[in-house]
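Chemist: everything below, folded, please.
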Amino acid sequence: ICFLLTCVVCVANAFQGPAAPLQAVRLGARALNHRRVGMKPRTLLRMEGEELFGGYTAKQRLREEIESPFRKVRFYFFGLSTGSALLALYFSTINAGKAYVGGWPDAPPLEDALTSCGINIVAAVTCAALAFRDYQAGQATLKRIK
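Modeler: Numbers count the residues shown, from 1 in each chain. The predicted model follows:
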């Protein structure tokens with residue numbers, strides 16, 4: 001009985017109107033194109049209390065995600081890869097320090113340790129650059145959509 005009552009209450013809330021009044025917001029450059037043809041400028045109905053995330057609405061962010069659905073996956077992948085490369089650089093730097101000072105039986109040869117440091121630096125810079133490029137592409141898409 002409680003389950004049925006919960007379902008009825010949830011469905012009843014779905015048919016309520018919006019709590020905040022709608023306001024009309026003119027579209028910028030797109031509205032100018034309609035004036036030449038003699039049409040009224042298009043308006044966008046937006047909830048008065050609609051949240052903005054970094055200056056963009058949730059609808060604009062979803063549209064950006066639809067245009068490039070795997071951008072966030074790539075961004076997180078390259079970001080985590082950058083962190084992984086930096087962690088590996090930390091440990092290879094410790095190994096290079098041990099090889100330079102000497103006295104540790106488990107220390108690799110200095111040449112191998114420095115090669116490992118170089119590989120990790122290149123990997124960290126490359127992954128960071130790819131993550132930053134994806135971030136910039138997403139911001140450019142959001143600006144275009146706005």
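
Chemist: this structure: helices as residue ranges?
Modeler: 2-14, 29-37, 58-67, 71-101, 110-145 (DSSP state H).

Chemist: mean pLDDT lowest where, among the ones you listed?
Modeler: Lowest mean pLDDT within these: helix 29-37, at a mean of 47.

Chemist: sorry, back to before: next, format the helices of the chain as a markdown table and append mean neighbour count.
Modeler: Backbone N, C-alpha and C define where each C-beta goes, glycine included. As requested, these are exported to a markdown table (neighbours: other C-beta atoms under 10 Å):
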| stretch | mean neighbour count |
| --- | --- |
| helix 2-14 | 8 |
| helix 29-37 | 10 |
| helix 58-67 | 14 |
| helix 71-101 | 15 |
| helix 110-145 | 15 |
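
Chemist: ok, Phe77 - contacts?
Modeler: With C-beta atoms under 8 Å, 6 or more residues apart in numbering as the criterion, no residue contacts Phe77.

Chemist: mind checking how far it is from Asp134?
Modeler: 9 Å (C-beta to C-beta, to the nearest Å).

Chemist: what of Thr115?
Modeler: 29 Å.

Chemist: try Glu65
Modeler: For Glu65 relative to Asp134 (C-beta to C-beta), the value is 13 Å.

Chemist: one more: Ile145?
Modeler: 17 Å.
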